[in-house]
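Peer 1: Just need the structure, nothing else, for what follows:
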Amino acid sequence: MVGAILEYTRWPRERSPLQLCVVGPPQHGDRLGGIVLAGGRLVERHDVAEDAGSMGGACDALYLGRLSLPAMRRWTAQMRGAAVVTIAEDDPACESEAMFCLLFTAESLTFRLNIDAVSRSGVRIDPRILRMSVAGF
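Peer 2: Prediction:
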């Protein structure tokens, strides 16, 4: 799912490999390091300490693992207006203000799309991704 989200995203400055920063221990992040996008573009995973300061443009995407809601909001607030896709793993109500909030069930994986967060970002998300989301905000 993370690969599909990144595939539908366009950054103002394309970088290869794409830099995916992971903050907090991901419960479902075992395959985040091996993502290959269309055309063979690689996604490079970087684990970042929860208490790290600003990443200063080092990340194209930010994946939030198991963090407290205030910590998730702190990270998404840092990325507001930047060309960074934000994805929250453990936030089914999408209270973190991340662009994408993953929803895990025993049978499937889907996501919620926070349209407001997308509009405040520096990236463009293909409108076709709206069809894939459970509910927009």
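
Peer 1: Tell me the secondary structure of A82, please.
Peer 2: The assignment at A82 comes out as coil when based on DSSP: H, G, I helix; E, B strand; the rest coil.

Peer 1: ok, which stretches of the chain are helices?
Peer 2: Shown for the chain, the helices assigned by DSSP state H span residues 2-7, 69-79, 115-119.

Peer 1: So for the helix or strand bottoming out on mean pLDDT in the chain, what gets flagged as buried?
Peer 2: The weakest-scoring helix or strand in the chain, judged by mean pLDDT, DSSP states H and E, is strand 109-113 (a mean of 86). Buried residues in strand 109-113, counted by 16 or more other CB atoms under 10 Å: F111, R112, L113. From N, CA and C alone the C-beta is placed, and that goes for glycine too.

Peer 1: Stretch 69-87 too?
Peer 2: A71, M72, R73, W75, T76, M79, A82, A83, V84, V85, T86, I87.

Peer 1: for that stretch, how far is the first residue from the last?
Peer 2: 13 Å (CA to CA, to the nearest Å).

Peer 1: From A58, how far off is the residue nearest to the spatial centre of the chain?
Peer 2: Geometric centre of the chain, nearest residue: I87, 2.6 Å, by CA atoms, centre = their mean. Note on I87: its distance to A58, by CB to CB, to the nearest Å, is 16 Å.

Peer 1: Disregarding residues adjacent in the polypeptide, which is nearest to D90?
Peer 2: The spatial neighbour of D90 that comes closest, neighbours along the chain excluded (CB to CB, 6 or more residues apart in numbering), is R66 at 5.1 Å.

Peer 1: If you count neighbours, what's buried in stretch 11-24?
Peer 2: In stretch 11-24, counting by 16+ other CB under 10 Å, buried: W11, L18, Q19, L20, C21, V22, V23, G24.
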